[in-house]
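J.: Kindly return the folded structure for what I paste below:
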Amino acid sequence: LGTHQLLRDLFHLVDTDGNGWLNHDELSAMVSLLGTPEASIDSQELLERLDRDGNAKISVDEFLNLLEDNTRLKCSLADLKRLKKRLAQISSTAGLNGVSLVEVDCDLGAGQPGAGAGIEMLKRAIEHQQDLQKMSAGLIAEIRGEQAPTAHAASAGQSTTPHARHIKTIAGVMHDAANLVCTTLQQQCFPLVLSGDHSTAASTIAGIRRAHPQSRLGVIWIDAHADIHSPFTTPSGNMHGMPLAIACGHDNLSEARNDPDPVTRKLWKDLKQLHGLESAAIDFRDLIYVGVRDTEAAEDATLANHAIPVISIEEVRRDGSINAANRCLSHLGDVDLIYVSFDVDALDSTICKGTGTPVPGGLWANEAILLLRKLLSDPRVCCWEICEINPHLDELTTMAELSLGIFRAGLEVLGERFSSTSSSHAS
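T.: Residues are numbered from 1 along each chain as shown. Coordinates of the predicted model:
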């Protein structure tokens, strides 16, 4: 009974068009995912072996004979269980049929203003690239019924919450941004998030969880910084250093150095519940870093206590970007969905000055592009964010070219993933 139920579950996952039959293409996809090294059967042969009534398609009753005469397919029950898990993960994003550009124009969480201007800079750069214009027009859909959230340091005035600067205004932006990301996913679109500073990434995570409350979410954080401080541990009060603490529901009281005021404590508690679930938005085990190289002691303690892996720049350079991406995806092998967050300060400060906190010893542009291309090709990736582009600090005037190259590479991958439906957005 257990084996038959497993096969029935598999049948419904493989039957992607839901017509109650498996065709050659669906069987081919299953065989490629099964991928047992010993298997010596192709999809056509499997179709002919299972097709007992000769109608060139497989019913659920015929599929139940999959493990009979298993000398060619050579798969075990454990193989089929792994296949079921993989198919279930893929099906989590199977309904997405295009990309929506989500703008979160907020620079209040950074130490220096101007990160919000990076969104407009990147959009203007895209307008001058005919191929990108064409690609964007054919792939990127409008988000219906939502307004992009905005908050700028220039008009915010002095913060009265020193251990989480501007938390009240940022919390309002985060509520709107979470709604926007959730709505985008509910409209069956992939959110490509262009944000100012990194603080609002917590709302991106919250929006994903609202749209998929039953799914386990993994996070790949590509950044020079760990961004896992709380108001209790922050040395600066800048909220762009706190998004992952919000997402993980992590106060880190054992490393506390601050005594936040009541307003900060209340708003901080609310932000940790922004995703609308009782447990934290993500688990520490479902987080992995790439390129982190500038942390404080409180963050180091969190990373050590929860065994959060960090793939260093040295490891990326030694093993290659593709291997680094594969390590990320392997670490998140049990999650259903993946969010990839890219802070441009992950890039080396010799090529990237146009960001609030540049750090030496970072990724080269080609390394970042290869890494992102591999990550975004994984069907579980349901959202990608780029942030902390600050043209006001761009002494080298390289940010437009760098960010455009990264955006182009990511959009190409997403175009390949959603190519079967992109024509509907162009019409």
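J.: show me the contacts for residue 64.
T.: Contacts here follow CB atoms under 8 Å, 6 or more residues apart in numbering; on that basis residue 64 touches 4, 7-8. The way it works is simple: take the backbone N, C-alpha and C, and place the C-beta from them, glycine included.
J.: Secondary structure class of the residue of the chain most remote from its centre, three-state.
T.: Outermost residue of the chain with respect to the C-alpha centroid, by CA atoms, centre = their mean, is residue 53; its distance is 44.6 Å. Here residue 53 takes the coil state, with states given by DSSP: H, G, I helix; E, B strand; the rest coil.
J.: where's it relative to residue 44, distance?
T.: As for residue 53, its distance to residue 44 is 17 Å (criterion: CB to CB, to the nearest Å).
J.: Just the buried residues of the helix or strand harbouring residue 400, please?
T.: Residue 400 belongs to helix 399-417 when elements are defined using DSSP states H and E. Counting neighbours by 16 or more other CB atoms under 10 Å, one finds that the buried residues in helix 399-417 are 399-400, 402-404, 406-415, 417.
J.: cool, stretch 247-254 as well?
T.: 247-252.
J.: and what of stretch 222-238?
T.: Buried residues in stretch 222-238, counted by 16+ other CB under 10 Å: 222-234, 237-238.
J.: Out of these, name the ones that lie in strands.
T.: Residues from those lying in strands, with DSSP state E as the criterion: residue 222.
J.: From the buried residues of stretch 222-238, pick the one nearest residue 333.
T.: When the buried residues of stretch 222-238 are compared for distance to residue 333 (CB to CB), residue 222 wins out at 18.8 Å.
J.: For residue 204, see how far away that closest one is.
T.: 14 Å.
J.: same deal with residue 85?
T.: 25 Å.
J.: same thing with residue 325?
T.: When distance is defined by CB to CB, residue 325 is 20 Å away from residue 204.
J.: Looking at these two now, which is surrounded by more residues?
T.: Between residue 325 and residue 204, counting by other CB atoms under 10 Å, residue 204 is the more crowded of the two (30 against 24).
J.: Number of residues surrounding residue 296?
T.: The local packing count at residue 296 equals 18, with neighbours defined by other CB under 10 Å.
J.: now it: how far from residue 233?
T.: 8 Å.
J.: And residue 271, by the same measure?
T.: 15 Å.
J.: Then residue 243?
T.: With the distance defined as CB to CB, residue 243 ends up 14 Å from residue 233.
J.: Strands of the stretch 101-250 of the chain, residue ranges please.
T.: Using DSSP state E, counting those that start in this stretch, the strands found in the stretch 101-250 of the chain span residues 140-141, 150-151, 190-195, 217-222.
J.: Residue ranges in this structure under the pLDDT threshold?
T.: By pLDDT under 70, the weakly predicted segments of the chain are 1, 35-41, 69-73, 142-148, 154, 420-427.
J.: Just say helix, strand or coil for the residue most central in space within it.
T.: Taking CA atoms, centre = their mean, the centroid of the chain lies closest to residue 339, which sits 1.4 Å from it. Taken by three-state DSSP, the conformation at residue 339 corresponds to strand.
J.: picking up where we left off before, would you mind listing the residues touching both of residue 222 and residue 204?
T.: Counting by CB under 8 Å, 6+ apart, the residues touching both residue 222 and residue 204 are residue 341.
J.: Strands along the stretch 301-427 of the chain, start to end?
T.: Assigned by DSSP E, counting those that start in this stretch, the strands in the stretch 301-427 of the chain fall at 310-311, 337-343, 381-387.
J.: I'd like to know which of those is closest to residue 209.
T.: Closest approach to residue 209 among these is made by strand 337-343 (9.1 Å; CB to CB).
J.: could you give the angle of that closest one to strand 190-195?
T.: Counting by axes from the mean of the first three to the mean of the last three CA atoms, to 10 degrees, strand 337-343 lies at 30 degrees to strand 190-195.
J.: tell me which strands and helices strand 337-343 is in contact with?
T.: With contacts taken as 3 or more CB pairs under 8 Å, 6 or more residues apart in numbering; DSSP states H and E, strand 337-343 sits against helix 201-211, strand 217-222, helix 365-376, strand 381-387.
J.: Including distance to residue 22, could the strands of the stretch 301-427 of the chain go into TSV?
T.: As requested, the strands of the stretch 301-427 of the chain are exported to TSV (distance: least, CB to CB, whole Å):
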stretch	distance to residue 22
strand 310-311	39
strand 337-343	26
strand 381-387	26
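J.: Around the nearest residue to residue 217 once chain neighbours are set aside, how many other residues sit close by?
T.: Spatially, and ignoring its direct neighbours in sequence, residue 217 is nearest to residue 337 (5.0 Å; CB to CB, 6 or more residues apart in numbering). For residue 337, the number of neighbouring residues by other CB under 10 Å comes to 24.
J.: Settle this for me: residue 337 is touching residue 378, isn't it.
T.: No: applying CB atoms under 8 Å, one finds residue 337 not in contact with residue 378, separated by 10.2 Å.
J.: hmm, back to that, which one of the strands of the stretch 101-250 of the chain lies nearest to residue 265?
T.: Evaluated over those, closeness to residue 265 peaks at strand 150-151, with 21.2 Å, by CB to CB.
J.: what does the closest one rub up against?
T.: Residues outside strand 150-151 that contact it (CB under 8 Å, 6+ apart): 105-108, 116, 166, 169-170, 172-173.
J.: Any of those residues buried? List them.
T.: Buried subset of the contacts of strand 150-151 (neighbour count, 16+ other CB under 10 Å): 105-108, 116, 166, 169-170, 173.
J.: Which single one of those residues is nearest to residue 308?
T.: Using CB to CB, the shortest approach to residue 308 within these belongs to residue 170, at 24.3 Å.
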